[in-house]
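In: Everything below, folded, please.
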Amino acid sequence: MRPLSSVPSGDSSPGGTGSPGLPGLLRRIARGDEAAFAELYDATSARVHGLVLRVVRDPAQAEEVTQEAFLQVWRQASRYDEGLGSAISWMLTLAHRRAVDRVRSAESAGRNDTTYHGNTQPTPHDTTSEAAEASMEARRVHAALAALTEVQREALQLAYFGGYTHTEVAAMLELPVGTAKTRIRDGLIRLRDAMGVNQ
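Out: Numbering: from 1, shown residues only. Just a heads-up that it's a prediction; the model follows:
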């Protein structure tokens, strides 16, 4: 697999967003066609890497995650179903999930480090209640997110955890902008209600 630095910076045929060529390339990749994979990589890697970088926010990790995402495309090309959405959306979804997983893994490692440090240091008495409250609040947030519908949670995660604009969320989910805004707004309202927060 070629390094990102050797990849053209823009989409080109057949890799444009609406190009009919990408599904064909994925079908060839599913049969083990390395030339098709190279063509797909050249056509789409800039866009995939851009999405990953926005989530991960670290250039070195973004390159690693992008390579992992393309490896997943190579291995799972046969799973792409043209009837369920565009090829580029499928690829961006795979890449976004890997990027989110990387962020969560880094956050988990950071929490483990913090926990170890906290367990090996004397804990002042006055911080105990604050830690308990923070833990309870985190559980409330997780429970509230679980109460959302899948479409609301997906839109909220992209908008608030991924940092995407409403227009970008709409494009990624292949929705009209108004529909994306409605899902985000309804999700926020439901999240607020689930947490018992007053307006």
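
In: Can you name the element that comes right after the worst-scoring helix or strand of the chain on mean pLDDT?
Out: When each helix and strand of the chain is scored by mean pLDDT, DSSP states H and E, helix 128-146 comes last, with a mean of 62. For helix 128-146, the succeeding helix or strand toward the C-terminus, using DSSP states H and E, is helix 150-156.

In: Could you list the domains of the protein?
Out: By the assignment in automatic domain parsing, the chain contains the domains 4-89, 128-199.

In: among those, which is nearest Arg102?
Out: With Cβ to Cβ, the closest approach to Arg102 among those belongs to domain 4-89: 5.2 Å. No exception for glycine: its C-beta is placed from N, CA and C like everyone else's.

In: by contact count, what packs against the strand or helix carrying Asp42?
Out: Assessed by DSSP H and E, Asp42 sits inside helix 34-56. For helix 34-56, the packing partners by 3 or more Cβ pairs under 8 Å, 6 or more residues apart in numbering; DSSP states H and E come out as helix 21-30, helix 59-76, helix 87-120.

In: what about 10 Å?
Out: Under the contact criterion of 3 or more Cβ pairs under 10 Å, 6 or more residues apart in numbering; DSSP states H and E, helix 34-56 touches helix 21-30, helix 59-76, helix 87-120, helix 166-173.

In: quick one: buried residues of the last one?
Out: It refers to helix 166-173. Neighbour-count burial for helix 166-173 flags 166, 168-173 (criterion: 16 or more other Cβ atoms under 10 Å).

In: same thing with the second one?
Out: By neighbour count on 16+ other Cβ under 10 Å, the buried set for helix 59-76 is 61-63, 65-70, 72-74.
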